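Trainee: Structure of the sequence below:
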Amino acid sequence: MDIDTINDKKVRAQILIEALPYIQDYNGKIIVVKYGGNAMINDELKTSVMKDIVLLSLIGVKVVLVHGGGPEISEMLKKVGKESVFVDGLRYTDEETAEIVRMVLAGKINKSLVNRLESIGGKALGLCGIDGHMMKCTKESEKLGYVGKIVQLDASVITDALDKGYIPVVSTVGFDDEGHIYNVNADTASAVIAGALGATSLILMTDTKGVLRDREDESTLIEKIYVSDIPSYIKQGIISGGMIPKIECCREAIRRGVQKVFIIDGRVEHSILVETLSDRGIGTMFVNED
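Mentor: Below is the predicted model of the structure:
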């Protein structure tokens, strides 16, 4: 065995040793991953995410994967000749659009993700917010149509799946008592789900490195933010625009008892593993006061 091979094996061993305390800490705990952005579109990144989740599951971490699918919904609406309409950054959802949302999220995307996880050795189960009457909703706003605000979440169907060793894959489609279907924002749903499950952490995958002091300079990443400081960051303009509702989801998850919330760059391969099992986090972590 040559010296380069020996050194390579030493490096790999060191990586595993570094991961040991994190594996011990997360073993038996619940992590919720909100899957979105470019990592859902790029095939290599999609495979990377699925491998991360399967690996975490195999070392004893209970992973729940929550997903949206905005681009594929827009594509399907275009195919059926229906225009995508957005109000304040959210998709206006009439009853016909809600049915298409259910078909795309709970059908096409959800089952595709389950199949990917299974194909690389995972044990996955596809769910949506209608299953087990998990995600009861009301309208977020009349001007948005059937965009759902979660008023009641029954996480028992998720915990049952976790207890049986499955990786639950949850699409954010909700319901009400009148039988209407709702399109629920995946960030919002993941915060509520993580709180209901008593998750140790919530990971939000995005197309940004995290929260930057200067949006044009990735070296200005803020690695840790206390939720009490969020208003100040908004006032300074460091958190602004489309990042505000995502940050509000982080704060809501912490309010619901989640210990840590991470915003990570889904464009980086194996970003979930780097964030959870190494000394070198790659995103922004939100916590309560130390």
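Trainee: May I have the beta-bridge partners of the residue sitting nearest the centre point of the chain?
Mentor: Most central in the chain under Cα atoms, centre = their mean is Lys34, positioned 0.4 Å from the mean C-alpha point. Taking DSSP bridges as the rule, Lys34 bridges to Val66, Leu204.
Trainee: Contacts only, for it.
Mentor: Val66, His67, Gly68, Ala186, Asp187, Ser190, Leu202, Ile203, Leu204, Met205 (Cβ atoms under 8 Å, 6 or more residues apart in numbering). All C-beta spots, glycine's among them, are computed from the backbone N, C-alpha and C.
Trainee: quick one: pLDDT of it?
Mentor: At Lys34, the model reports a pLDDT of 96.
Trainee: got it, and Tyr92?
Mentor: 87.
Trainee: what about it, how many neighbours?
Mentor: 18 (other Cβ atoms under 10 Å).
Trainee: go on, the one 4 residues further on?
Mentor: By other Cβ under 10 Å, 12 other residues sit near Glu96.
Trainee: cool, and Ile53?
Mentor: Neighbours of Ile53 (other Cβ under 10 Å): 27.
Trainee: cool, and the one 3 residues further on?
Mentor: Taking other Cβ under 10 Å as the neighbour definition, Leu56 ends up with a count of 22.
Trainee: ok now do it, which residues does it touch?
Mentor: Leu56 touches Tyr26, Ile31, Val63, Ile272, Leu273, Thr276, counting by Cβ under 8 Å, 6+ apart.
Trainee: all helices of the stretch 101-250 of the chain, in order?
Mentor: 110-119, 156-163, 186-197, 230-236, 243-255 (DSSP state H, counting those that start in this stretch).
Trainee: Just name the most buried of these.
Mentor: helix 186-197 (a mean of 25; mean count of other Cβ atoms under 10 Å).
Trainee: So which of the contacts of Leu56 belong to strands?
Mentor: Ile31, Val63 (DSSP state E).
Trainee: want to try TSV for the contacts of Leu56, with distance to Met76 as columns?
Mentor: TSV is the format used below for those (distance: Cβ to Cβ, whole Å):
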residue	distance to Met76
Tyr26	37
Ile31	30
Val63	28
Ile272	28
Leu273	32
Thr276	33
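Trainee: and of the contacts of Leu56, the nearest to Arg255?
Mentor: Ile31 (18.3 Å; Cβ to Cβ).
Trainee: Would you agree the closest one is in contact with Ile203?
Mentor: Yes: with contact defined as Cβ atoms under 8 Å, Ile31 reaches Ile203; the gap is 6.6 Å.
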